[in-house]
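Chemist: Curious how this folds, go ahead:
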Amino acid sequence: MIFSALLMTFIAVLMAFYLIYVPIRASIMKTSNEAAGRVSRELEDIFIFVPANYVYSLKFGLMGLFGLLGFLFTYTSKPPFPFVMAGVLGLLGYFGPELVVVILRQRRRKKFSEQLVDGLAMMANGIRAGFSLQQAIEMLKDEMEAPISQEFDLVLREYKLGVELDEALWRCARRTKDADMELAVSAIAVTRKLGGNLAEIFERIVDMVRDRKLLAGKADALTAQGRLQALVVGLLPYVLGFFVFKINPDMMRLMWSTWTGMICLVLVVVLDVVGYVWVKKIANIKY
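Modeler: Here you go, the predicted structure:
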């Protein structure tokens, strides 16, 4: 009986949402299409090619699926908690593709940064052996793995289509957003414009980038405790809440069956996120 009433209420809310949605549908469609297009372009930057219309369908599909699951898992709770959970999980599903893109992009940039020293050293050896800069890039593209091989392959493709080599390298630096890559491209552009020993410049860049990586490793080691504290601050409230629920479920049930409890839950989540970001900022050393 309770489930039927909640289900009918959920359907009524969906119908009300539809009636509100129809008048502003054009604006919502435009915003959603722009968001889907942005996600699709960001995926292209990491060499994952997904059409924008697929991303658009995926976002709304995940929103509906997560919202329905949130409602079904909490329908026995006192209203409006099931609808709040449906809304929260629905938003999580809608913005899920963006979160996945951020994670994939960070992983790709990290791997590119790790490969960059070896790639620049390989190019320096090639230039010292008599290769041109283009031939050295081709050697790097053939010998190394993704993502650095993909990025420099795109540099060569753009160069063959008529883009200046320096400009193609700058596009690669902007696409990867790697400070060491920007430094290397800047040195290459200046040397090609003003003249100089390109192989020697490459060797100096490799030494400089290697020193920066060593400094970054030391900074990561020194701030490891701070990052662990941020993780503990972020997870501890939920772990404690889980164990309290196992020990005394009636007490914890008040947190989502009363307005006071739901307000407390929202405050816990907000303050927890603020604490996590704060500690993370403190432990993040700029170098």
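
Chemist: Please make it C-alpha for all contacts and neighbour counts, starting now.
Modeler: OK.

Chemist: Beyond the top helix by length along the chain, next helix or strand please.
Modeler: The helix that spans the most residues within the chain, counting by DSSP state H, is helix 96-128. Remark: after helix 96-128, the chain's next helix or strand is helix 133-143, criterion DSSP states H and E.

Chemist: what angle do the longest helix of the chain and helix 133-143 make?
Modeler: 120 degrees (axes from the mean of the first three to the mean of the last three C-alpha atoms, to 10 degrees).

Chemist: and residue 145, how many neighbours does it have?
Modeler: Residue 145 has 12 neighbouring residues, counting by other C-alpha atoms under 10 Å.

Chemist: Secondary structure class of it, three-state.
Modeler: Here residue 145 is recorded as coil under DSSP: H, G, I helix; E, B strand; the rest coil.

Chemist: The one 4 residues further on too?
Modeler: At residue 149, secondary structure determined by three-state DSSP is helix.

Chemist: Might you report the residue contacts of it?
Modeler: Shown in contact with residue 149 (C-alpha atoms under 8 Å, 6 or more residues apart in numbering): 140-143.

Chemist: now do residue 275
Modeler: Applying C-alpha under 8 Å, 6+ apart to residue 275 gives the contacts 230, 233-234.

Chemist: now the spatially closest residue to residue 95 that is not a sequence neighbour: how far from residue 117?
Modeler: Leaving aside its chain neighbours, residue 95 sits nearest to residue 59 (7.0 Å; criterion: C-alpha to C-alpha, 6 or more residues apart in numbering). Here the distance between residue 59 and residue 117 works out to 38 Å (C-alpha to C-alpha, to the nearest Å).

Chemist: Between the two, which is the more surrounded one?
Modeler: Neighbour count, other C-alpha under 10 Å: between residue 59 and residue 117, residue 59 has more, with 23 against 20.

Chemist: Look up how far residue 128 lies from that one.
Modeler: 51 Å.

Chemist: Residue 215 versus the nearest residue to residue 141 once chain neighbours are set aside, what's the distance?
Modeler: Nearest non-adjacent residue to residue 141, counting by C-alpha to C-alpha, 6+ apart: residue 149, 4.3 Å away. Using C-alpha to C-alpha, one gets 26 Å for the distance from residue 149 to residue 215.

Chemist: Repeat that for residue 85.
Modeler: 45 Å.

Chemist: okay, now residue 195: neighbour count?
Modeler: Residue 195 is flanked by 10 other residues according to other C-alpha under 10 Å.

Chemist: Number the residues from 17 up from this point.
Modeler: Understood, numbering begins at 17; the last thing we discussed is residue 211.

Chemist: give me the low-pLDDT residue ranges for the protein?
Modeler: The chain contains residues with pLDDT under 70 at 17-26, 28-53, 55-56, 68, 93-94, 97, 301-303.

Chemist: Please report how far the one residue sitting closest to the centre of it lies from residue 54.
Modeler: For the chain, residue 118 is the residue whose C-alpha lies nearest the centre (C-alpha atoms, centre = their mean; 1.0 Å). Using C-alpha to C-alpha, residue 118 is found at 12 Å from residue 54.

Chemist: For stretch 120-128, list every residue counted as buried.
Modeler: For stretch 120-128, burial by neighbour count (16 or more other C-alpha atoms under 10 Å) applies to 121, 124-125, 128.
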